[in-house]
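Chemist: Okay, here's the prediction I keep looking at, along with the sequence it came from:
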Amino acid sequence: MKSQYQNRIELLQGTLDLLILQTLLWGPQHGYGISQVIRTQSGEVLQVDTGSLYPALHRLEKQKWIKSEWKLTEKNQEAKFYQLTAAGRKQLAEERSRWEQLSDAIGAVLKNPVIG
């Protein structure tokens, strides 16, 4: 049996950006919350560590696809909450379209028998 670490799927940079944008479509969230949503929504398969998450959040904020503000969490701790911008919603739609094309293309290659 493989360990949980061996079963982890490494995310490509663009894929992580897509997942973060999608997560924020459901509402503002702090960094830890974003990683938890990705983990639970993926059935515990996708785990985003802080070394990948925060650089991605900073990159998305620099692109103006998300914005952030300091707020109190449910546990009364201060945390930076991230929110999707209008530009981020547009980018998410474009990224989802590209992902669907890529996914369909890979699926077609995997499905089709080798000829020759």
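Modeler: Yes, it's here.

Chemist: In contact with residue 83, which residues?
Modeler: The contact partners of residue 83, by C-beta atoms under 8 Å, 6 or more residues apart in numbering, come to 24, 28, 66, 67, 68, 69. Every residue, glycine included, has its C-beta placed from N, CA and C.

Chemist: repeat for residue 68
Modeler: 57, 61, 80, 81, 82, 83 are the contacts of residue 68 under C-beta under 8 Å, 6+ apart.

Chemist: ok, so what distance separates the most centrally placed residue in the chain from residue 74?
Modeler: Taking C-alpha atoms, centre = their mean, the centroid of the chain lies closest to residue 19, which sits 2.0 Å from it. Distance, residue 19 to residue 74, using C-beta to C-beta, to the nearest Å: 23 Å.

Chemist: Any chance you could list what contacts the host helix or strand of residue 38?
Modeler: In this assignment (DSSP states H and E), residue 38 forms part of helix 31-41. Residues outside helix 31-41 that contact it (C-beta under 8 Å, 6+ apart) are 19-20, 23-24, 26, 29, 46-50, 53-54, 57, 79-80, 82.

Chemist: Next secondary structure after it?
Modeler: Next along the chain after helix 31-41, taking DSSP H and E as the criterion, comes helix 50-62.

Chemist: what's the angle between that next one and helix 31-41?
Modeler: 110 degrees (axes from the mean of the first three to the mean of the last three C-alpha atoms, to 10 degrees).

Chemist: With only the CA atoms kept, save helix 50-62 in CSV.
Modeler: C-alpha atoms of helix 50-62 as CSV (Å, rounded to 0.1, in the frame of the first residue of the first chain):
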residue,chain,number,x,y,z
THR,A,50,2.2,26.8,2.2
GLY,A,51,5.4,26.9,0.1
SER,A,52,3.2,26.6,-3.0
LEU,A,53,0.1,28.3,-1.8
TYR,A,54,1.3,31.7,-0.7
PRO,A,55,3.5,32.4,-3.7
ALA,A,56,0.5,31.6,-5.9
LEU,A,57,-1.7,33.9,-3.9
HIS,A,58,0.8,36.7,-4.2
ARG,A,59,1.1,36.1,-7.9
LEU,A,60,-2.7,36.2,-8.4
GLU,A,61,-2.9,39.4,-6.3
LYS,A,62,-0.2,41.0,-8.5
